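K.L.:
take this sequence and fold it.
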Amino acid sequence: MRLYIRYMVSLRCKMMVKEELKKLGLNAVIVELGTIEILENISATQRKQLKESLSKSGLELLDDKKSILIEKIKNVITEIIHYSDELPKVNYSDYIGEKLDHDYTYLANTFSEVKGITIQQFIILHKIERVKELLIYDELSLTEISFKMHYSSVAHLSNQFKKITGLTPTFYKQLKNKRKANLEDL
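P.N.:
Reported below is the predicted structural model:
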């Protein structure tokens, strides 16, 4: 049986969900971001208990089809941008449609209707968050980050970064260094 969970976006969430399933005597076959598969059918009582325990940790067991679909879209995007070494070689729209086995137009319309932003805007927001992480880690140059995140140029990355954050990537990186220097002065 497959269940879907909202806000399950990290390895820590996956570990917590596994623990909650174990407490209820349920055997997880697969625990992925936003999705779990268990061997047994879940009783109404177990479902209620799981829903309550997940809620205490800020997670939500999903019931309706639209919410489940939106969560699947978000998880595919989160996975490819934050946890994949390489972004897909095809368009995001093709990748998402193929991965979820749905027509992309249907997915995009449903996502926009429920979330109030387009899938493309959601992707850009996540790419910028990933760029922030990479800037803070200070292991890659801006050119390398631009290439890794599939931007056409450093200028394109910089423009999009500034549009979303209000800062240039260089200034953002300097803020991190200033905070670090201020902490060392204490």
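K.L.:
so where do the helices sit in this protein?
P.N.:
Secondary structure of the chain, counting by DSSP state H: helices at 11-23, 44-56, 65-78, 92-100, 104-115, 119-137, 142-148, 154-165, 169-185.
K.L.:
and the pLDDT at the residue positioned nearest the centre of the chain?
P.N.:
With distances taken as C-alpha atoms, centre = their mean, residue 78 lies nearest the centre of the chain, 2.7 Å away. pLDDT recorded at residue 78 is 90.
K.L.:
with adjacent residues omitted, what lies nearest to it?
P.N.:
residue 9 (5.8 Å; C-beta to C-beta, 6 or more residues apart in numbering). The C-beta positions use only the backbone N, C-alpha and C, and glycine is treated the same way.
K.L.:
read off the pLDDT value for the one you found.
P.N.:
At residue 9, pLDDT is 80.
K.L.:
do the same with residue 62
P.N.:
Value for residue 62, per-residue pLDDT: 87.
K.L.:
what's across from the closest residue to it other than its chain neighbours in the sheet?
P.N.:
Using C-beta to C-beta, 6+ apart and skipping residues adjacent in sequence, the residue nearest residue 62 is residue 4, 4.3 Å away. Note on residue 4: beta-bridge partners by DSSP bridges are residue 35.
K.L.:
list the residues that contact residue 4.
P.N.:
34-36, 61-62, 67-68, 71-72 (C-beta atoms under 8 Å, 6 or more residues apart in numbering).
K.L.:
neighbour-wise, give me the winner out of these.
P.N.:
residue 34 (25 neighbours; other C-beta atoms under 10 Å).
K.L.:
pretty sure it sits against residue 74.
P.N.:
Yes: using C-beta atoms under 8 Å, residue 34 is in contact with residue 74, at 7.2 Å.
K.L.:
that older thread, so which of the helices of the chain comes closest to residue 29?
P.N.:
helix 11-23 (10.3 Å; C-beta to C-beta).
K.L.:
compute the inter-axis angle for that closest one and helix 44-56.
P.N.:
Interaxial angle of helix 11-23 relative to helix 44-56 (axes from the mean of the first three to the mean of the last three C-alpha atoms, to 10 degrees): 150 degrees.
K.L.:
quick one: contacts of helix 11-23?
P.N.:
5, 7-8, 27-28, 31-33, 36, 38, 50, 53-54, 57, 59.
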